[in-house]
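Novice: Pasting the sequence and the predicted model now:
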Amino acid sequence: MLRPATDDDWQVFTGLPAPRDWFGLVYATDALIHGLGGAYVGTDGRWWATFRRAPGVGLRKTAHVAAVAIMRGAAERGLALHALADDRIDGACSWLRRLGFEETDEQIEGYPVWVRK
């Protein structure tokens, strides 16, 4: 089931404390969080998008529906979102492009920064 994410979801899924300012969605059952997507304020003061699925989880259509909802939430709040494409995921750059992100010249740790205004 796709539902609004909580701070506990973030901590359970990532192993990190939830950011102070963020919003997101999870796909979860009673036993497992299959994926989490959201937008959060990074240490640099910019809003960043994140999308992760648990290892071995497909659910590409659900992930896309959740990502579109996150993009809509950011747009309603007037937020520009930034993202890094995970090169371990085939098609990550194409997916960001389909979501309306544009690649920039900026890099962080060798990864290009993408932005959606």
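Specialist: Thanks, I have it. Residues are numbered from 1 along each chain as shown.
Novice: where's residue 22 relative to residue 36, distance?
Specialist: For residue 22, the distance to residue 36 (Cβ to Cβ, to the nearest Å) stands at 11 Å. For the C-beta atoms, the positions are set from N, CA and C on the backbone; glycine is no exception.
Novice: Next, show the common contact partners of those two.
Specialist: Shared contacts of residue 22 and residue 36, defined by Cβ atoms under 8 Å, 6 or more residues apart in numbering, comprise residue 10.
Novice: In terms of neighbours, single out the busier of these two.
Specialist: In this view residue 22 and residue 36 are compared by other Cβ atoms under 10 Å, and residue 36 has more residues nearby, 22 against 16.
Novice: got a list of contacts for the strand or helix carrying that one?
Specialist: Assigned by DSSP states H and E, residue 36 belongs to strand 33-41. Residues outside strand 33-41 that contact it (Cβ under 8 Å, 6+ apart): 5, 9-10, 12-14, 19-28, 47-54, 57, 59, 62-63, 66-67, 70, 73-74, 79, 81.
Novice: What's opposite the nearest residue in space to residue 12 that is not next to it in sequence in the beta bridge?
Specialist: Using Cβ to Cβ, 6 or more residues apart in numbering and skipping residues adjacent in sequence, the residue nearest residue 12 is residue 33, 6.3 Å away. Under DSSP bridges, the beta-bridge partners of residue 33 are residue 28.
Novice: Give me the pLDDT value at residue 33.
Specialist: On the pLDDT scale, residue 33 is placed at 82.
Novice: What separation is there between the residue nearest the centre of the chain and residue 111?
Specialist: With distances taken as Cα atoms, centre = their mean, the residue of the chain nearest its centroid is residue 50 (2.1 Å). With distances taken as Cβ to Cβ, residue 50 is found 13 Å from residue 111.
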